[in-house]
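**Q** Model the following, please.
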Amino acid sequence: MSGRLQGKVALISGTARGQGAAARERFVAEGATVFGGDLNTSTGEAHLDVTDEASVAAWIQRAIDAHDRIDILYNNAGAVRFAAVDDQSLEDWRFTLAAELDSVFLTCKRAWPHLKASRGVILNVGSTAGLTGSMTNQRAAHSASKGGVIALTRQLAAEGAPHGIRVNSISPGMIATPGARENLLAPHHPMRAIADAIPLGRLGTEQDVTPAAVFLCSDEAAYITGANLVIDGGWSVVLPGAQQMKENE
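**A** Reported below is the predicted structural model:
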């Protein structure tokens, strides 16, 4: 590795598995000191409930107590409940928005003073769900929350610029994480054959996401803020619809 994050203190949420675990490993390899957090603490992560402001505040304070600074805030954690709009309960709608959008607001709010001090970087995780609709996945709450993350990223980039804070987002498409394999890629789901509709011909992996995250958090991206980098193998370019998916089954 090139040490592009050498000497940086990076806070990454949702590091117990999937993209968060991969990000932690790659950021450490690039020289960063990583302070992770997750609801699942079985792998040694600090306890973090990104939907609870007290938990977020405590997590950030522990990082400051341990490292005296924050250079990077990587908002990876999230959770979603899928359902058709006429079937989704208000409780599940609010759960998804809290886990995917409120969580980003809370961590940014609490880390903001420390990022001002370090002229730091925020990286949020959006999704192609925040850019397009879908005929193969019923996801109104997920689309609303991830669209909100992308919009919030742009606003925070504007507010952060006078303080030297850069704020960007990445929007992965279908990444074959453990969570995706349990849900969207499960044998019964209409999206199980989605790889056939992706121009590059395969599902993404965590390792397809982490290099982009490293770049946007590094000094190489010093003139990039308010950007949303799509990482989806070209999926959102062609916008495959339900009929194409049926023909590929």
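**Q** can you confirm residue 86 is in a helix?
**A** No: under DSSP: H, G, I helix; E, B strand; the rest coil, residue 86 sits outside any helix and is assigned coil.
**Q** any idea how far it is from residue 32?
**A** Here the criterion is CB to CB, to the nearest Å. By it, residue 86 lies 45 Å from residue 32. (Each C-beta comes from the backbone N, C-alpha and C, glycine too.)
**Q** more neighbours, the two?
**A** Comparing residue 86 with residue 32 by other CB atoms under 10 Å, the one with more neighbours is residue 32, at 26 against 7.
**Q** quick one, what contacts that one?
**A** Contacts for residue 32 (CB atoms under 8 Å, 6 or more residues apart in numbering) come out as 5, 6, 7, 8, 9, 10, 71, 72.
**Q** all strands of the protein, in order?
**A** Along the chain, counting by DSSP state E, strands occupy 9-13, 33-38, 46-47, 72-75, 121-125, 166-172, 228-231.
**Q** and which of the contacts of residue 32 is nearest residue 162?
**A** residue 71 (18.3 Å; CB to CB).
**Q** Which residue is the nearest non-sequential neighbour of the closest one?
**A** Leaving out its chain neighbours, the residue that sits closest to residue 71 by CB to CB, 6 or more residues apart in numbering is residue 8, at 4.1 Å.
**Q** tally of neighbours for that neighbour?
**A** Neighbours of residue 8 using other CB under 10 Å come to 22.
**Q** if I pick it, what's in contact with it?
**A** Applying CB under 8 Å, 6+ apart to residue 8 gives the contacts 31, 32, 33, 71, 72, 217.
**Q** count of residues packed around the residue lying closest to the first one once chain neighbours are set aside?
**A** In space, and not counting its chain neighbours, residue 31 is closest to residue 6: 3.3 Å by CB to CB, 6+ apart. The number of residues packed around residue 6, counting by other CB under 10 Å, is 13.
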